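> The following comprises the amino acid sequence and a computationally predicted model.
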Amino acid sequence: MRREDVWWKRLSDPMHLIDDVVSILLDNRSVVVVFDDSFPWKESFQDTLAQEIEMYQSEMRIKYHTVSAEQDPGTFLLQKYCSSELQRVYWPTDSKAKFLAEHPQSTLHKSYVFVDLEGSSDQWLRFIKEYVSFRKADDTHGLFVLLTNDRKYLDAQKNAEEGTVTADAPIRFLDYTAYVHDYDTYLLCMTLLSQTGLSMQQQQYLAEIAVVLSGGSVMLAGALADRGEELAIKTAMTLRETAEETGISVNSDAAAVRQALWQAQLKVVFPLLEQFRCDLLKAYRSEINYRFNAAPAGVYDCETPDELEIGQLKFLFKNTRILSMEDYNSLEVARNARNCLAHLNYLPYTDMKALLHLQVHGKD
């Protein structure tokens with residue numbers, strides 16, 4: 001399963017972005033999708049979008065372009081969407097947008113133009129508005145999908161109520177970061193790891209490591225998740241190799257790796273320890289209540305047995321034969337894990353795997 005296909009075709013939030021872009025295009029408007037630092041798998045996004053569009057508008061052509069802000073959009077489109085004969089008709093002092101709009105021979109009118117734009121979007125936004133203004137209301141015209149990290153016009157969409165953007169504005173702005181969040185990256189990793197045969201807890205742990213280490217990069221997180229248990233066993237080496245293979249720069253020093261492992265273990269281990277604690281209280285309810293109530297006031301620094309923490313339970317059962325040997329050993333493992341994480345250290349993966357199977361067996 002390709003990572004990009006999971007992202008754009010199986011996860012609800014990225015798919016929601018696709019659906020909204022399609023909806024705007026079918027409403028005969030162009031779309032500007034604004035992102036921050038990176039936009040994952042642009043080609044897959046465009047291909048998926050094209051597949052959706054063709055279901056409704058099969059007669060429209062779809063073309064992809066990567067351009068810089070220095071490239072004049074009128075000149076670029078004149079060359080790409082007009083024959084050499086039609087280009088010779090154009091007079092250099094005329095408006096290129098007007099020329100393209102008024103000449104039916106231009107293939108632009110029957111095109112979806114996908115533009116991966118590097119730099120300012122000023123020229124392209126001006127061109128699109130001017131081009132549409134010269135087309136009649138009932139005429140078909142070219143529609144644009146711009147991908148850009150130029151955010152300065154994004155707030156215009158939010159000012160529609162004040163009249164800054166009218167209901168029939170030819171361009172709509174969508175904020176990629178409003179659709180996609182860290183949880184989507186986690187879901188991507190979980191989906192990829194679901195094919196490994198590992199337990200759900202192991203999948204959760206590896207997904208958490210991948211998300212933290214990726215530095216916000218969806219593509220790197222997915223690539224890390226695809227490494228499976230290697231990511232937990234040889235974390236630093238796997239991170240460096242994967243970052244090099246994907247060409248994504250990330251902090252891979254020892255401190256960053258240590259912090260990532262600790263964060264991931266906090267999210268996975270603490271719920272497991274709490275479940276173990278609750279199961280232990282339930283399995284040995286009468287014994288715990290008796291010893292708790294028999295202890296001098298203030299020994300356990302809590303008001304009821306249900307508030308006893310792992311370390312306090314270990315103290316309560318010290319020098320007794322109440323617990324089965326299996327449960328006593330499990331309690332020792334749980335206490336050591338809790339102390340380790342509480343002191344900002346992380347557990348070796350072998351110890352982690354043991355914790356993932358932690359359970360209370362009950363009385364012999």
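Structure received. No experiment lies behind these values; they were computed from the predicted model shown.
> where in the stretch 51-200 of the chain is pLDDT low?
Across the stretch 51-200 of the chain, the ranges flagged by pLDDT under 70 are 155-168.
> so where do the helices sit in it?
Remark: helices assigned in the stretch 51-200 of the chain by DSSP state H, counting those that start in this stretch are 73-81, 84-89, 96-102, 122-133, 154-158, 176-179, 182-193, 200-213.
> Around residue 264, how many other residues sit close by?
25 (other C-beta atoms under 10 Å). (C-beta placed from N, C-alpha, C; glycine too.)
> what residues are up against it?
For residue 264, the contacting residues are 205, 208, 209, 212, by C-beta atoms under 8 Å, 6 or more residues apart in numbering.
> residue contacts, the first one?
It refers to residue 205. Residue 205 makes contact with 232, 264, 265, 268, 352, 356 under the criterion C-beta under 8 Å, 6+ apart.
> and which of the contacts of residue 264 is nearest to residue 170?
Taking C-beta to C-beta as the measure, residue 170 sits nearest to residue 212 out of the contacts of residue 264, at 41.9 Å.
> Can you redo the contacts of residue 264 as CSV, where the extra columns are distance to residue 93 and pLDDT?
Putting the contacts of residue 264 into CSV (distance: C-beta to C-beta, whole Å; pLDDT from 0 to 100) gives the following:
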residue, distance to residue 93, pLDDT
205, 66, 95
208, 61, 95
209, 61, 96
212, 57, 94
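> Let me have the residues you listed in a markdown table, extended by distance to residue 342.
Listed next are these as a markdown table, based on distance: C-beta to C-beta, whole Å:
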| residue | distance to residue 342 |
| --- | --- |
| 205 | 18 |
| 208 | 18 |
| 209 | 20 |
| 212 | 19 |
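> Relative to residue 238, which of these is nearest.
The closest of the contacts of residue 264, once distances to residue 238 are taken by C-beta to C-beta, is residue 209, at 9.5 Å.
> For residue 260, what is the enclosing helix or strand?
helix 254-283 (DSSP states H and E).
> Could I get the buried residue list for that helix?
256-257, 259-265, 267-269, 272-273, 276-277, 279-281, 283 (16 or more other C-beta atoms under 10 Å).
> How much space separates residue 172 from residue 11?
Relative to residue 11, residue 172 is positioned 22 Å away (C-beta to C-beta, to the nearest Å).
> With residue 2 instead?
13 Å.
> What of residue 261?
Distance of residue 261 to residue 11, given as C-beta to C-beta: 26 Å.
> Residue 186 now?
In terms of C-beta to C-beta, residue 186 sits 10 Å off from residue 11.
> Ok, residue 242 next?
Using C-beta to C-beta, residue 242 is found at 21 Å from residue 11.
> Looking at those two, which one has more neighbours?
Using other C-beta under 10 Å, the more surrounded residue of residue 242 and residue 11 is residue 242, with 25 against 17.
> looking at this, that one is in a helix?
Yes: Residue 242: assigned to a helix according to DSSP: H, G, I helix; E, B strand; the rest coil.
> which ones are touching it?
Contacts of residue 242 by C-beta under 8 Å, 6+ apart are 220, 223, 224, 227.
> Could you report the separation of the first one from residue 17?
Spatial separation of residue 220 from residue 17 under the definition C-beta to C-beta is 20 Å.
> who has more neighbours, the two?
Higher neighbour count among residue 220 and residue 17: residue 220, with 26 against 19, using other C-beta under 10 Å.
> doesn't residue 246 make contact with that one?
Yes: judged on C-beta atoms under 8 Å, residue 220 makes contact with residue 246 at a distance of 5.7 Å.
> Name the spans of the stretch 251-364 of the chain whose pLDDT lies under the cut-off.
In the predicted model, the stretch 251-364 of the chain carries pLDDT under 70 at residues 364.
> residue ranges of the helices in it, please?
All helices of the stretch 251-364 of the chain, identified by DSSP H, counting those that start in this stretch, fall at 254-283, 285-294, 310-316, 325-342, 349-356.
> Let me have those helices in TSV, extended by distance to residue 45.
Formatted as TSV, these follow (distance: least, C-beta to C-beta, whole Å):
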stretch	distance to residue 45
helix 254-283	28
helix 285-294	55
helix 310-316	47
helix 325-342	39
helix 349-356	35
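> and of the ones you listed, who's closest to residue 154?
helix 254-283 (31.2 Å).
> Let me know the angle separating that closest one from helix 325-342.
Here the directions of helix 254-283 and helix 325-342 differ by 140 degrees (axes from the mean of the first three to the mean of the last three C-alpha atoms, to 10 degrees).
> From the chain's centroid, how far away is helix 254-283?
Distance, stretch centre to chain centre, for helix 254-283: 23 Å (C-alpha atoms, centre = their mean, to the nearest Å).
> now it against helix 200-213, angle please.
Here the directions of helix 254-283 and helix 200-213 differ by 150 degrees (the same axes, to 10 degrees).
> Tell me what angle helix 254-283 forms with helix 182-193.
If you take the same axes, to 10 degrees, helix 254-283 sits at 80 degrees to helix 182-193.
> tally of neighbours for residue 193?
Neighbour count for residue 193, taken as other C-beta under 10 Å: 24.
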